[in-house]
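Asker: need coordinates for the following:
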Amino acid sequence: MANWLFNVRLTAAVCLLSVVFLPGCGDIIGTLGSIIVSPPKITIGINQSQFFTALGRNSGGFLIATTPNWSVQGPIGTINSLTGLFIAGTLEAGSVTATGSVVATDGSLTGSSAITITRRGWLQGNVIDTNASLVIGVRVYLAESPTLGDETDAKGNYLIADIPAGTYEAVIDPHQITQGATEEVTIGEGLTTTQNFELSTPSTTSTTSTMPGL
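Answerer: Predicted coordinates for the structure are as follows:
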């Protein structure tokens, strides 16, 4: 008798919960309120590719699934409407950049990412010394355009952007703990070139002074 009464009360409680709470809760969880596209802003070289992803948020700000239709606005390239794979286009003669957007649409809602396609290229790389230690805080720049440069970060990496296509001398000036270096690099239109550096570490000799009479 006691078990039967407990089961009746439990069943009633579950039914009450489903009637009072679950429908409203389900509406909140399942209703798409906005679409977030990632990456939200990007500069990409001509003819290069980039995957875009989309996440939905409900009215409460929680992430929910969305399967958007992808499209492109502006003369920047094409995108697969199902997968979000974007292929940057080419540019008219004399044009260096073009701008537009990638758009994700689900029902009446949209989200977008700002896109710039460019003829300019990038130079990236890593700097270490002969002991395989990261070299931090040294500046890598182009001898022909010294304003185009970057300092190595905490991982010894550098990235120089907005470089016109051509051949350059990538330079690291002599540093107080390292020696300088120069490498010839070729930058293609819209491409990223990698050039790593290994700097010679000057040997350090210590001198022991001996006082007279000792």
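
Asker: for Phe86, list the residues it contacts.
Answerer: For Phe86, the contacting residues are Ile44, Ser49, Gln50, Phe51, Phe52, Val72, Gly77, Thr78, Ile79, Asn80, Val102, Ile115, by CB atoms under 8 Å, 6 or more residues apart in numbering. Backbone N, C-alpha and C define where each C-beta goes, glycine included.

Asker: mind doing that once more with 10 Å?
Answerer: Applying CB atoms under 10 Å, 6 or more residues apart in numbering, we find Phe86 in contact with 42, 44, 48-52, 70, 72, 76-80, 102, 113, 115, 117.

Asker: if it is in a bridge, with which residues?
Answerer: Gln50, Ile79 (DSSP bridges).

Asker: how much space between it and Ser112?
Answerer: 12 Å (CB to CB, to the nearest Å).

Asker: swap in Gln195?
Answerer: Applying CB to CB to Gln195 and Ser112 gives a distance of 35 Å.

Asker: in this structure Ser101 contacts Ser113, no?
Answerer: Yes - counting by CB atoms under 10 Å, Ser113 is a contact partner of Ser101 at 6.2 Å.

Asker: joint contacts of these two?
Answerer: Taking CB under 10 Å, 6+ apart as the contact rule, Ser101 and Ser113 both touch Val37, Lys41.

Asker: okay, those two: which has more neighbours?
Answerer: Neighbour count, other CB atoms under 10 Å: between Ser101 and Ser113, Ser113 has more, with 21 against 16.

Asker: verify the stated contact: that one with Phe51.
Answerer: No - using CB under 10 Å, Ser113 is not in contact with Phe51, being 11.4 Å away.
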